[in-house]
Structures are given as structure tokens and as C-alpha cells.
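S.K.: Structure, please.
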Amino acid sequence: MNSASVQRYARTGGILLLVSLMAGGFGELYVPTKLLASADPGATARNIAASESLFRLGFAGYLVEAVCDVALTLIFYVLLRPVSTSLSLLAAFYGLVGTSVFAFGELVYFSTSLLLGGAEYLKSFSSDQIQTLALLGLKVSGLSGGILMVFGGAGSLVVGYLILQSGYLPRFLGALWALGGLGFLVRNFALVLAPPYAFDWLLLPMTVAMLAGALWLIVRGVDVDRWADGALGPMASRCDE
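M.R.: Here you go, the predicted structure:
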């Protein structure tokens, strides 16, 4: 792969990070605050009925984020492979599993629209039951996002380590990425073991890491000479064997 191709990968990755961050923020943060009444199924159902377009846009945001994340898994594998093929592949596996869990959660999210759609086959349920099931579906969807963090956090720790070792990406990005991954892991296990301590601010380091990484990759890219040296190193070793 030539230097121009590497920089295209890097800048494409930066753009996708920004898109993923904005789409995820819209679907995971903004939309739920407008629709979800945590302990009131009736209010939640009324909010969704009154803002169906917003509900569907939230799901579209999730889809955009997931598509970006799959592409980013490949891009980071290519960019970090010269440091360690096995570790970059491990990070890719974590990323794909996390996105798969995320996709399942969003299927549950969208199923709420079926429950509240007034279909004839739902007449055997009372209105209160349907509204309660819809709220439960939204909560399960949100929980799947929390479970996703254990895979995303583990993958981010590996990515952070690889960036720190790379020499062609700044070390501060690696530190931010590793800190973000640690925040994901801590929040995930707090959500399972001690829910009152699953603070939302634990997500902030990963947000900062993604934003800083996006801007760096778009503006500066990677040091292509050092990347090429790293890529040629394993190839030379194999040739010597």
C-alpha cells in the first residue's frame, strides 16, 4: 500500500469518526431525552406517537453509526497492523462483536413501533400492557448499549496500546483512547454490579478521544514514512526466514 492510500484510509477514518460521533450522539443521547419517560409507560407511548418522525430518525442515526463503526474497524486494522497484526485483529474482533450486540439492541428499539402501531393482532393486550412492553423494549435497547461497552472498551484499550507503540500516530491519542476504553469498561461493570455508580461522565473520555482522533486523522493523517517502515519490518522478517 502506497503513502497516498494510507493517508486516504486515515482521512476517511477521521471523517467516519466524526459522522459516527454525531449520529450516535443524536440517536443515543438527544432522542431518548425527548421520548423516554423512565417510569411512565403512558407518557413514553404518547411521546413516541406525537414524535414518530423523531423516533425513526433516532433509529436512522443508530444505523449510520453502526455502518460507520464497521468501516472504522477495517480502517483501524489497516492503520495499526504494522505495530502488531494479531493485536490489531483482536481489536477488530472486539469491534465487530460490539457492533453486532449494538445492532440487536436497535432491533429491539425499533420493535417498539410495532407494539404502538395499533395492529389488529395486538388487540388481545390491554393498552396499559402494550405501553409497558414498549417502555420495556426501550429499556432493553438501552441496556444492550451498556453491554456493548465491554466489547468497545476492550477494543479501545487495545487500539490505545497500538497507537502508543506505533510511532506514526501521536502518543496522546493512544493515551486518550486507552482512557476512553477504561471508562467504557468501568461503566459497563458498574452497570452490572453497582448501577448507582454507572456515571454518564465515564463516557466522556471516549468522546474526547474520538473527537481528537477524528480531527488529527483529517488534518494530519499518519506519518507515512514510519508507517511504511513498520509495514515493511514484518515482511522483511518473513523474507529472511
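S.K.: all contacts plus neighbour counts: C-alpha atoms, from now on.
M.R.: OK.
S.K.: for the protein, what spans make up the helices?
M.R.: All helices of the chain, identified by DSSP state H, fall at 3-25, 31-35, 41-50, 52-80, 85-115, 127-166, 171-193, 204-219, 224-240.
S.K.: Mean pLDDT lowest where, among those helices?
M.R.: Note on the helices of the chain: lowest mean pLDDT is at helix 224-240, with a mean of 62.
S.K.: Test my guess that Tyr109 contacts Gly137.
M.R.: Yes: with contact defined as C-alpha atoms under 8 Å, Tyr109 reaches Gly137; the gap is 6.1 Å.
S.K.: Can you verify my assumption that Ala209 contacts Gly181?
M.R.: No: with contacts defined as C-alpha under 8 Å, Ala209 does not count as touching Gly181, sitting 9.6 Å away.
S.K.: More neighbours: the two, which one.
M.R.: More crowded of Ala209 and Gly181, by other C-alpha atoms under 10 Å: Gly181, with 29 against 23.
S.K.: Look up the closest residue to that one, ignoring the ones flanking it.
M.R.: Leaving out its chain neighbours, the residue that sits closest to Gly181 by C-alpha to C-alpha, 6 or more residues apart in numbering is Gly153, at 3.8 Å.
S.K.: Tell me, how many residues neighbour that neighbour?
M.R.: Look at Gly153: counted by other C-alpha under 10 Å, it has 28 neighbours.
S.K.: can you tell me how far it sits from Glu28?
M.R.: Separation of Gly153 from Glu28 (C-alpha to C-alpha, to the nearest Å): 17 Å.
S.K.: do Thr112 as well
M.R.: Noted for Thr112: a distance of 16 Å to Glu28, by C-alpha to C-alpha.
S.K.: So for these two, which residue has more residues nearby?
M.R.: Using other C-alpha under 10 Å, the more surrounded residue of Thr112 and Glu28 is Thr112, with 21 against 17.
S.K.: which one is the more buried one nearest to, not counting chain neighbours?
M.R.: Nearest non-adjacent residue to Thr112, counting by C-alpha to C-alpha, 6+ apart: Ala134, 5.0 Å away.
S.K.: tally of neighbours for the one you found?
M.R.: If you count neighbours by other C-alpha under 10 Å, Ala134 ends up with 26.
S.K.: The nearest residue to Leu54 once chain neighbours are set aside: what's it in contact with?
M.R.: Of all residues not flanking Leu54 in the chain, Val31 sits nearest, at 7.0 Å (C-alpha to C-alpha, 6+ apart). Counting by C-alpha atoms under 8 Å, 6 or more residues apart in numbering, Val31 makes contact with 54-55, 58.
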